[in-house]
Structures are given as C-alpha cells and as structure tokens.
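Peer 1: Compute the structure for the input listed below.
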Amino acid sequence: MSLIRPSTYWRNVSPRGAIADFRTVYQQAGRNRWRFAIASAAVTFAIFSVMANEGGRGLPRPPEVTYINSWPLDRSQAEIIRTNRINQELKDRAAAAQAAREEEARQAYMALGRATGMDVDAIAAKAKADQAGQKARDDAESARVRAEVERAAVERH
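Peer 2: Numbering: from 1, shown residues only. Prediction:
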C-alpha cells in the first residue's frame, strides 16, 4: 500500500467539459450577460488597482538615537559626592517648602472648620490616631516580610 495516493480530483476535470460548461452558462445568461461581464471586470479591476497602490516599501528605517550625557564620564569621586550633596540640599529645601504649604493649607481648613462650627481638634486627633495605626500596621507588615526573607535566605543556605 502506497503512502501517497494519486488524487482522484484531476480525473474528473476535463478542459473540454469546462469549455462546454462555460458555453452553456454564457448562452443561458441572456441579454444581461455583457452588463454582468463589464460589472465583474470593473470590480476586479478596482480591487487589483487598490492592491497595486498598497504596495509595501519594506521596513521603516530605525530611528536615530542621540545620547545625551548628563554629566562627564571622567568625573572624579569628589565631584560625584559634591553634586549628590547639592542635589540632596535642593530636595530637602523642596520638601520643606512643600511641608510649609501643606501646613498653611491645614491651618486654613482648620479655620474654616472652626468658622462653620466643627470640632476640628477632635477631627485632627482622630486623623493622627488613624495615621499612627496605619504606620503601626505598615511597620508590622514590613517586619513580617523581612522575617520571611531572612527565613528564606537561611533555608537556601
């Protein structure tokens, strides 16, 4: 038994039969056969012309990368430390200014609350207690995670 069998499809295909079928369909089409032929040719032409205009030109060129050095590559350790200190001072000043703005806003809201008859001292105490509780929960979670990491490190060795 052969693994590859000849296809029986081509036995049933005959050029003479195809031409005879075309002639029969052409004769049965009647007076509208030319309209259908022109319409089908127009649609085919339109599809192929759209496909021809959609031709690809290959992959786009990769972008040019321009590297910008933020600092010289040959700077010394002392220069690095000096710039780090300057940047830290800038960050500290910005954090202090932000804290001052937040405190000013807090005082304004407290004045507004007092003017509307709210007990702002009780609200502030509750907020402090909530913050302390959240910090305690965060600290406990951090300690738990640290303990798990240490235990996993000990088990690995």
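Peer 1: How about stretch 106-123, which residues are buried there?
Peer 2: Buried residues in stretch 106-123, defined by neighbour count with 16 or more other Cβ atoms under 10 Å: V120. No exception for glycine: its C-beta is placed from N, CA and C like everyone else's.
Peer 1: What is the distance between that stretch and the centre of its chain?
Peer 2: The chain centroid and the centroid of stretch 106-123 are separated by 44 Å under Cα atoms, centre = their mean, to the nearest Å.
Peer 1: How about residues contacting that stretch?
Peer 2: For stretch 106-123, contacts defined as Cβ atoms under 8 Å, 6 or more residues apart in numbering pick out A124.
Peer 1: buried sites along stretch 31-49?
Peer 2: By 16+ other Cβ under 10 Å, stretch 31-49 has no buried positions at all.
Peer 1: please begin residue numbering at 3 from this point
Peer 2: Renumbered: residue one is now 3, and that last one reads stretch 33-51.
Peer 1: As PDB, could you dump the C-alpha coordinates of it?
Peer 2: Only the C-alpha atoms of stretch 33-51 are listed here, as PDB (Å, rounded to 0.1, in the frame of the first residue of the first chain):
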ATOM      1  CA  ARG A  33     -29.300  39.800 -22.700                       C
ATOM      2  CA  ASN A  34     -27.700  40.900 -19.500                       C
ATOM      3  CA  ARG A  35     -24.500  38.900 -19.900                       C
ATOM      4  CA  TRP A  36     -22.500  41.900 -21.100                       C
ATOM      5  CA  ARG A  37     -23.600  44.000 -18.200                       C
ATOM      6  CA  PHE A  38     -22.500  41.300 -15.800                       C
ATOM      7  CA  ALA A  39     -19.300  40.800 -17.600                       C
ATOM      8  CA  ILE A  40     -18.500  44.600 -17.500                       C
ATOM      9  CA  ALA A  41     -19.500  44.900 -13.900                       C
ATOM     10  CA  SER A  42     -17.400  41.900 -12.800                       C
ATOM     11  CA  ALA A  43     -14.400  43.200 -14.800                       C
ATOM     12  CA  ALA A  44     -14.800  46.700 -13.200                       C
ATOM     13  CA  VAL A  45     -14.900  45.200  -9.700                       C
ATOM     14  CA  THR A  46     -11.900  43.000 -10.400                       C
ATOM     15  CA  PHE A  47     -10.000  46.000 -11.900                       C
ATOM     16  CA  ALA A  48     -10.900  48.200  -8.900                       C
ATOM     17  CA  ILE A  49      -9.700  45.500  -6.400                       C
ATOM     18  CA  PHE A  50      -6.500  44.900  -8.200                       C
ATOM     19  CA  SER A  51      -5.800  48.700  -8.600                       C
END
